[in-house]
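**Student:** quick check, what structure comes out for this input:
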Amino acid sequence: MKTRDLWSGAVIAAALCLGTGTVSAQNAPVAEVGTYTNPLLPSGPDPWITQVDGTYYYMHTQRDGITLYRTRNIADLANAEQKLVWTPPKEGPNAHLVWAPELHRIGKSWFLYYTATASGFSDDAHRAVFVLENKASDPLSGTWIDRGRINTAHAGIDGTSFEYRGKRYFVYSPYLGPDSGLAIAEMANPWTLKGKEQVIAMPDQPWERLDGRQILEGPEFLLGPKGDLFLTYSASPCWSDDYALGLLRAAPGANPLDPKVWSKSPTPVLHKGNGVFATGHNGFFKSPDGKEDWIIYHANAAAGMKCTPKRAPHIQKFGWTADGRPDFGLPVPEGAPQKVPSGTR
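**Tutor:** Now for the predicted structure:
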C-alpha cells in the first residue's frame, strides 16, 4: 500500500493551486545557462514523461485530478505550460485517490492510465487501474473518454503499457495477499486485456521487504541497446528511506508472458545516496537529439520525510554496461548543476 493518505490537504492546495485553464508553474532553482538542478519541481510524486515529436509531456500524482505539463525543454519543467485535463467523478469505482498517471500515444489516440479508488473506500481491495482516451491531436485539448477499469485479475495499482515485437502488453502491481508483485498480460486493445495474466515477480529479496511491507510497484519498460527487455520497479513501501529501484531482465526475443524468462537483479539499481532518499517510481526519456538516455524518478531531500507531496521529480542521464544493462549510478545531489539533455533548445 502507498500511504499517500499521509498527504495534508493544506500542503496539496499550496503545491497544486491549479485551475482548468493553461498556467505556468512555480520557478525552479536558478542555474547557469545550459544547466539545471534537481529537483525540477518542489512536488511531484510518481513522475512520468512521454516524448512525442520533440515535445515532452509530464505528469505526476495529485490525488484529485490529472494535470498535463508540456514543454520542449524538460530541464525547464517549472515554467512549462500546464492544464488540468481530468477530474474524477464524485462517486463510483474511480472517485478519488488518483495516483500514478501515465500518458501514452497509441495509434492516433492519446491514452491516460491511472490508479484510483472507489468512493467510500480507501483500502487496497478497492483500488484499480483505469483508462481515458483522447482522439484529438493535442492532449491538452479535445475530450477525454472514460474507457473504464482495466480487466485485471486482481485489485492493483501503477499500470503501464508497452509494445514489444508487434504486440502490446500491460504490466501493473497486483495485490496478492499480503504482498504486491508484478503481473503482465497481452492487450486486445489499449483498455482491454486478453489471455491469462502472469505474475512475473514477487518481493523475495530482503531490500524489497522493509518497514513491515512486501512491495513491488511502479513497473516501467525499457528496451536495451542489445535488444534485452527490462522492467524497472520500485521496492519496499514509499515511506521508507530505502525505497529503491529494482530491475528485471529478459533476453532479446523472449516471450514476456513467460515468468521463467525474467531474471531479477539481486540488489537495487538506484538507491539512496548523496543526500537523496527514497528514490523510486521512475520513467524514461531521450534527450531532444535522441543521443542520450535519461531517467526521471521521485525522491526526498532528507531522511524521514516519508510518503508525502514533498517527494519531488529528479532527472539524470544514465549509461549502459558492457553487457547491455542500464547503469543509473547514484542520485545526483540536489542543487548540483548538471548539463541539460543534449540538443535542448
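**Student:** please make it C-alpha for all contacts and neighbour counts, starting now.
**Tutor:** Fine.
**Student:** now do the closest residue to Glu292 other than its chain neighbours against Thr344, distance only.
**Tutor:** In space, and not counting its chain neighbours, Glu292 is closest to Lys286: 5.7 Å by CA to CA, 6 or more residues apart in numbering. Counting by CA to CA, to the nearest Å, the gap from Lys286 to Thr344 is 11 Å.
**Student:** ok, those two, which is more surrounded?
**Tutor:** Lys286 (19 against 15; other CA atoms under 10 Å).
**Student:** that one touches Gln316, doesn't it?
**Tutor:** No - under the contact definition of CA atoms under 8 Å, Lys286 does not touch Gln316, with a separation of 10.9 Å.
**Student:** what touches both of these two?
**Tutor:** Common contacts of Lys286 and Gln316, defined by CA atoms under 8 Å, 6 or more residues apart in numbering, comprise Trp294.
**Student:** where does the prediction get shaky in the chain?
**Tutor:** The model of the chain has pLDDT under 70 over residues 1-33.
**Student:** ok, back up a step: for the residue nearest to Glu292, give the beta-bridge partners.
**Tutor:** Residues found in beta-bridge contact with Lys286 (criterion: DSSP bridges) are Asp293.
**Student:** surely Lys260 is within a helix?
**Tutor:** Yes - membership of Lys260 in a helix is supported by DSSP: H, G, I helix; E, B strand; the rest coil.
**Student:** could you measure it against Arg325, distance?
**Tutor:** Counting by CA to CA, the gap between Lys260 and Arg325 amounts to 19 Å.
**Student:** just want to know which of those two has more residues nearby.
**Tutor:** Arg325 (18 against 11).
**Student:** give the contact list for Asp293.
**Tutor:** Applying CA under 8 Å, 6+ apart, one finds that Asp293 lies in contact with 284-287, 317-319.
**Student:** if you set the cut-off to 10 Å instead, what comes out?
**Tutor:** With contacts defined as CA atoms under 10 Å, 6 or more residues apart in numbering, Asp293 is in contact with 284-287, 316-320, 326, 341-342.
**Student:** for the residues you listed, which one is nearest Ala75?
**Tutor:** Closest approach to Ala75 among the contacts of Asp293 (CA to CA): Pro341, at 7.6 Å.
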